[in-house]
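A.B. asks: got a sequence here, can you model it:
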Amino acid sequence: MALGILSAFYTVGWGLLLGLALFFIAFNVIEALLPSWLSKIALPSVKATAMGVNASSQFLGAFFGGILGGQLLASTSTNMAWMILLALAATWLVVSWFLESPRYLSTLTVELHTIQRDLPSWSDSVLDIDGVEEVVILENNGVAYVKIDQQNLDDNARQKLSLLLNQVVAF
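C.D. replies: Next up, the predicted model:
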């Protein structure tokens, strides 16, 4: 929408201000939501890597976007450049419309020294509890991450999980 307004009214003062305001509002919302979405879908063992790739991609996108935008503006008219950008944004809107929203999962961190049994069987026991979606054990770091769907975790499952984790599980 912002690019459409900018494309049609970039020569008018109010059109330029309105288009830029809408663009930067949307940009700031996306810049906040994307890392949140990424941290929800990334496996705990690679979450830091995924966040680093995201940050690097943002900077590379700004760099190459500036170069390509300048080339586009130099090789076409201003109005055509806005229309091409609008078409790219509309294409991305269609693609993103079909993305699934990630489920909201809570992550518990468990220190491995508190576990009194061998880790593979402990992990299997934790995964057998309804509401536990994932267990990632990082032996080098001495921790395990347990992802839980609170909607599917009843009181009985919460008690079993508390016993296996050697800590009270309360949300």
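A.B. asks: disregarding residues adjacent in the polypeptide, which is nearest to Leu34?
C.D. replies: Residue nearest to Leu34 in three dimensions, not counting chain neighbours: Asn54, with 6.7 Å by Cβ to Cβ, 6 or more residues apart in numbering. For every residue, glycine as well, the C-beta is placed using N, CA and C.
A.B. asks: residue contacts, the one you found?
C.D. replies: Applying Cβ atoms under 8 Å, 6 or more residues apart in numbering to Asn54 gives the contacts 34-35, 38.
A.B. asks: domain ranges for this structure?
C.D. replies: 2-97, 106-165 (automatic domain parsing).
A.B. asks: quick one: contacts for Gln151?
C.D. replies: Taking Cβ under 8 Å, 6+ apart, one finds Gly131 in contact with Gln151.
A.B. asks: cool, and the one 3 residues further on?
C.D. replies: Contacts of Asp154 were listed using Cβ under 8 Å, 6+ apart, and they are 130-131.
A.B. asks: got phi/psi on it?
C.D. replies: Taking degrees, to the nearest 10, you get phi -90, psi 180 for the backbone angles of Asp154.
A.B. asks: separation between it and Phe23?
C.D. replies: Distance of Asp154 to Phe23, computed by Cβ to Cβ, to the nearest Å: 46 Å.
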